[in-house]
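Student: generate a structure from the sequence data that follows.
(4 chains)
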Protein chains: 2
Amino acid sequence: MDLVFRALADESRRALLDSLSAKSAQTLGELCSGLSMTRQAVSKHLAILEEANLVATVKRGREKLHYLNPVPIAQIANRWIRKFERARVDALVDLKKKLESE
Amino acid sequence: MDLVFRALADESRRALLDSLSAKSAQTLGELCSGLSMTRQAVSKHLAILEEANLVATVKRGREKLHYLNPVPIAQIANRWIRKFERARVDALVDLKKKLESE
DNA sequence: TTGACAGGCAACCATTTGGTTGCATATTGA
DNA sequence: TCAATATGCAACCAAATGGTTGCCTGTCAA
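Tutor: Numbers count the residues shown, from 1 in each chain, chains lettered A, B, ... in the order given. Below you'll find the predicted structure:
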């Protein structure tokens, strides 16, 4: 869970997820094009996304195909964000009241 | 948006949000108790959460009350996570097919 | 008024992070 | 076979991060 949050904290990595969401089964080289980063930097980012289970890969010959795995993101939505949705109205009303009373 | 993701990347900060979600209007001292961190460390984390607009504060005398603001989290849920929900089934079917064909 | 309490500020430190360069390995296709 | 291609690995570097300690400021209450 922590790995997922940390993986999502970087804009480059979120961009990679975007890219994989738009086009599946991309190779490392493909994912590099357009980004102003060396291949190795992208490779490291992908390793972090893999570690967090946000990206799955399949080797095909000398290429490595990358796939988005949206499950961890869905889990965060379901298990973590919902906690705060419940608190949402209460918290805001609470704060507003406080601000107005001062 | 990036500030929110980065703020959420740290377990201590998520714990602080949890704490504020459970009990609103806590002071810095209150938020510190239970955590094995100096007051200054907690203060820095709270500053990052404030920067990301996840926590709002009101000064009352020599105390500073902290409030959870769940709106940015809700925005991420709505504007960002939904993108990947759309891709979810497609992506998994896609990957499964690939894995089986190799 | 004055000591105790809540918090802010700044300097400092170790570790992690995001990136680079250089070289090695493995697959492909002419 | 062999050059080109796709990726992996390791060392290195600067900057950001998470934490500390020490001291200062402002407020409360006896």
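Student: residues contacting residue A:49?
Tutor: A:7, A:13, A:16, A:17, A:55 (C-beta atoms under 8 Å, 6 or more residues apart in numbering or on different chains). C-beta coordinates here come from the backbone N, C-alpha and C atoms, glycine included.
Student: out of those residues, which sit inside helices?
Tutor: In helices, judged by DSSP state H, the following of the contacts of residue A:49 are found: A:7, A:13, A:16, A:17.
Student: from the residues you listed, pick the one nearest residue B:27.
Tutor: When the ones in helices among the contacts of residue A:49 are compared for distance to residue B:27 (C-beta to C-beta), residue A:7 comes out closest, at 33.3 Å.
Student: isn't that closest one up against residue A:51?
Tutor: Yes - using C-beta atoms under 8 Å, residue A:7 is in contact with residue A:51, at 7.2 Å.
Student: more crowded one of the two?
Tutor: The neighbour comparison of residue A:7 against residue A:51 (other C-beta atoms under 10 Å in any protein chain shown) goes to residue A:7, with 23 against 13.
Student: state the distance from residue A:15 to DNA strand D.
Tutor: Distance of residue A:15 to DNA strand D, computed by C-beta to the nearest atom of the strand, to the nearest Å: 17 Å.
Student: tell me, how many residues neighbour that residue?
Tutor: For residue A:15, using other C-beta under 10 Å, the count is 14.
Student: which bits of chain A sit near DNA strand C?
Tutor: With C-beta under 7 Å from any atom of the strand as the criterion, chain A comes near DNA strand C at residues A:6, A:9-10, A:12, A:36-38, A:40-41, A:44-45, A:48, A:60-62.
Student: out of the residues you listed, grab the one that's most surrounded.
Tutor: Of all those, residue A:45 has the most neighbours under the rule other C-beta under 10 Å, reaching 21 neighbours.
Student: isn't that residue up against residue A:14?
Tutor: No - the pair residue A:45 and residue A:14 fails to qualify as a contact (C-beta under 8 Å) at a distance of 10.0 Å.
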